[in-house]
Structure formats: structure tokens, C-alpha cells
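Participant: Need the 3D shape of this:
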Amino acid sequence: MQFELSSVVKNPLEIKKSQFITWLIPIDSREDAMNWLAESKNQYPDARHHCWAYIMGSSASAETAAMSDDGEPSGTAGKPMLNVLQHKPVSNVMVIVIRYFGGIKLGAGGLVRAYSQAVEQAYQIAEKDQLLNPIVEKTHVFVQLDFAEEQWLRHQTSLLDGEVKDVQYHHQVDIYLDIPNTNLSELESVLTARSIQFKTSNS
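Facilitator: Residues are numbered from 1 along each chain as shown. All right, here's what the predicted structure looks like:
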């Protein structure tokens, strides 16, 4: 099962006098992600690095993924951060780690561990604070029926935890619904029993 982050998690971490400030953020687009990055630079303009990574879509098969080391040695920040994201069952999420250098070099291996640990800690906080909500897989349903049936269908949709997305009135009523996959067969059964036409498509 995939989850979505319900709110931003912020967590500070100190390693050998370097400060790592982690933001774990729910996002809905690359533009949204870049806006958050700009906000982190606005809030911490004197930080040496603003490293980041994000995934759009499910973590196991992300539609889009991106990352940046932002001046850290290649492969020591963005890549390990993205790797943590890809191994968590969370969709549409970004992580930014803001680093203040403390004067002690960590080395390549130390940086990889530090950035990975920073992201892991933020996830642990999200889990502890119950900020990860399960994603409900839904199916789009197009229903065409008589005017007299509209309120009945609205009621059935509510009973099945569905949502009416759009309604268009012609010689009949065209209704577009989103129904949780777990309740789809029940909706199909009641529609078929009343000889109501419908089509389904995956979300």
C-alpha cells in the first residue's frame, strides 16, 4: 500500500558540528517542489547547501524523480536521499536537507550516511506522528441516467464512499464519479440491477 504525507515534517540533526535541517514535504508537481526549494533558501540564506530529492507518483515506480547535491561531492547527497525516498511506500514527496558546515569534513562515506540518516529520521517522525495517510485507489465511473434517478445515484455514491466529480444535464443526466476500487463491484451491481448505463476507467 502506498501512503501520502499529510503535512510538512521538519527535523534538525547535528553530526560532527554540522547542522542538517530536514524538510519532508508533500508535493503535487515539480513547480510545487521548486517553490519549496526557493522557500528553504529564503529561510536559510546563509546555509552552505540545500540538497534535495523528490518523487512524483508511487515510490516503487515513480513517474518523475529528481535530485541535487547542491555543491556537495557528486553522489553524496541527492542520490542517497532519493534512494531513501524510493524505499519508502510514500508517493508525491520531496525532501530538502539544509546543511550548515561545522568545520569538520565528513568524507564521502560520512556525507552519504549523514544525508540518508537525515531523511530516515524525518520519516520516523512522520510515522510516529501519524502523518502518513493511505492512498485510496479509485476508479472513474461515467453514468448516464434519467433525471428521476439522479438523487438515488448521489445517495448510493455517498454510501460507497465515492465522490461526484461532475454533472452535465442534457436529455439525460451525465454523472462522473470516483469510487474506491474496493466498492466498485457493489456500485456496478446496483447500476446493472436498475438497467442504468455506465462505463469505468482507471484513475
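
Participant: C-alpha only now, for contacts and for neighbours.
Facilitator: OK.

Participant: And the strands in this protein?
Facilitator: For the chain, the strands defined by DSSP state E cover 3-5, 9-15, 18-26, 49-56, 64-68, 90-91, 93-100, 132-134, 138-145, 163-169, 173-180, 197-202.

Participant: What residues sit buried inside stretch 33-52?
Facilitator: Buried residues in stretch 33-52, counted by 16 or more other CA atoms under 10 Å: 33, 36, 37, 40, 44, 47, 49, 50, 51, 52.

Participant: Now do it, average pLDDT.
Facilitator: Taken as a whole, stretch 33-52 has a mean pLDDT of 97.

Participant: returning to what we had before: can I get the buried residues of stretch 33-52 in JSON lines including distance to residue 143?
Facilitator: Supplementary listing: the buried residues of stretch 33-52 in JSON lines, determined by distance: CA to CA, whole Å:
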{"residue": "33", "distance to residue 143": "36"}
{"residue": "36", "distance to residue 143": "40"}
{"residue": "37", "distance to residue 143": "42"}
{"residue": "40", "distance to residue 143": "46"}
{"residue": "44", "distance to residue 143": "52"}
{"residue": "47", "distance to residue 143": "55"}
{"residue": "49", "distance to residue 143": "52"}
{"residue": "50", "distance to residue 143": "49"}
{"residue": "51", "distance to residue 143": "47"}
{"residue": "52", "distance to residue 143": "44"}
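
Participant: Go through those residues and say which is closest to residue 196.
Facilitator: Of all those, residue 196 sits closest to residue 33, with 43.3 Å by CA to CA.

Participant: got the contact list for the closest one?
Facilitator: Listed by CA atoms under 8 Å, 6 or more residues apart in numbering, the contact set of residue 33 reads 27, 54, 94.
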